[in-house]
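Participant: Okay, sequence plus prediction incoming.
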Amino acid sequence: MAFALVESAIDLGWDKAHQHSLLQGKVALETRPHSAWGGAVTAQMYLPLDRQQVWPKLTDYSRWVQYFPSLTQSQVLSPASEPSSEPSSESNQPADSIYKRLYQAAGKTFLFLTAQVEIYLNVTETVHPLRHQIQFQLEKGSFSDFAALLKLQDYESGTLLTYSVQATPSIPIPTQIIQEGIRLDLPNNMRSMRRAICQ
């Protein structure tokens, strides 16, 4: 699992004009190839809410069907373990982590095909003084590989949400088609997520 690839894409160093567009509601998107048949994307958006307000809504995984229209199921399969203190690379203060196992299913019509996918994920939720984050790692499912990182950081008077995903489907689809599908779908999904979180 190459989480370094996902992590390195988080801080994109956008200029002031780009930062201003985030505050105005734009969803920033960067797509890139990942493996011969996969794709990777980093999306960023601003939420006019405190990080502590956003976090419980994101970790209520049953609500993810409201955030992503193609998602038909999202449920935690096993309860969270006890939080553990682990050293963090960003400061000397400990980060509290909670571990869960998640099942998600989705149906997507793409071109003339309808694909049904399901995925079992190992989830690590980490609360740190500088950020909150959720790591998703593939256990099994309709992908050859899958990794995602969702990160919340304080930004202006609200929260900057960064969502990075890299995946390779089990069925070979050219990476250009996957990237184009992501480029068209993900901004709408992120806006849907923002509307549901801010209600």
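Facilitator: Now that the structure is in, tell me what you want to look at. What you see is a predicted model; the values in this text were computed from it and never measured.

Participant: quick one: low-confidence parts of the chain?
Facilitator: 1-14, 33, 35-37, 79-95, 108-115, 172-182 (pLDDT under 70).

Participant: got the residue ranges for the helices in it?
Facilitator: Along the chain, counting by DSSP state H, helices occupy 3-8, 16-23, 51-58, 64-67, 175-198.

Participant: deepest of the ones you listed, which one?
Facilitator: Of all these, helix 64-67 has the most neighbours on average by mean count of other C-beta atoms under 10 Å, namely a mean of 18. (Each C-beta comes from the backbone N, C-alpha and C, glycine too.)

Participant: Which strands or helices does that one pack on?
Facilitator: Contacting helix 64-67 under the criterion 3 or more C-beta pairs under 8 Å, 6 or more residues apart in numbering; DSSP states H and E are the following elements: strand 71-78, helix 175-198.

Participant: Same list, the ones you listed, but as TSV with distance to L58 please.
Facilitator: Listed next are the helices and strands packed on helix 64-67 as TSV, based on distance: least, C-beta to C-beta, whole Å:
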stretch	distance to L58
strand 71-78	12
helix 175-198	7
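
Participant: Surely S74 touches W64?
Facilitator: Yes. With contact defined as C-beta atoms under 8 Å, S74 reaches W64; the gap is 4.1 Å.

Participant: Report the set of residues contacting both of these two.
Facilitator: Taking C-beta atoms under 8 Å, 6 or more residues apart in numbering as the criterion, S74 and W64 both touch Q104.

Participant: circling back to that earlier point, just put the helices of the chain in a markdown table and tack on distance to S164.
Facilitator: Output for the helices of the chain, formatted as a markdown table (distance: least, C-beta to C-beta, whole Å):
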| stretch | distance to S164 |
| --- | --- |
| helix 3-8 | 4 |
| helix 16-23 | 16 |
| helix 51-58 | 14 |
| helix 64-67 | 16 |
| helix 175-198 | 11 |
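
Participant: closest to A40 out of those helices?
Facilitator: If you check each of the helices of the chain against A40 by C-beta to C-beta, helix 3-8 wins as the nearest, at 7.0 Å.

Participant: Can you measure across stretch 125-138, start residue to end residue?
Facilitator: Distance across stretch 125-138, first residue to last, is 15 Å (C-alpha to C-alpha, to the nearest Å).

Participant: Quick one: distance of that stretch to the chain centre.
Facilitator: Distance of stretch 125-138 from its chain centroid, counting by C-alpha atoms, centre = their mean, to the nearest Å, is 11 Å.

Participant: residues of that stretch that come out buried?
Facilitator: Across stretch 125-138, burial judged by 16 or more other C-beta atoms under 10 Å covers E125, T126, V127, H128, R131, H132, Q133, I134, Q135, F136, L138.

Participant: beta partners for the third one?
Facilitator: Beta bridges link V127 to D96, H132 when assigned by DSSP bridges.
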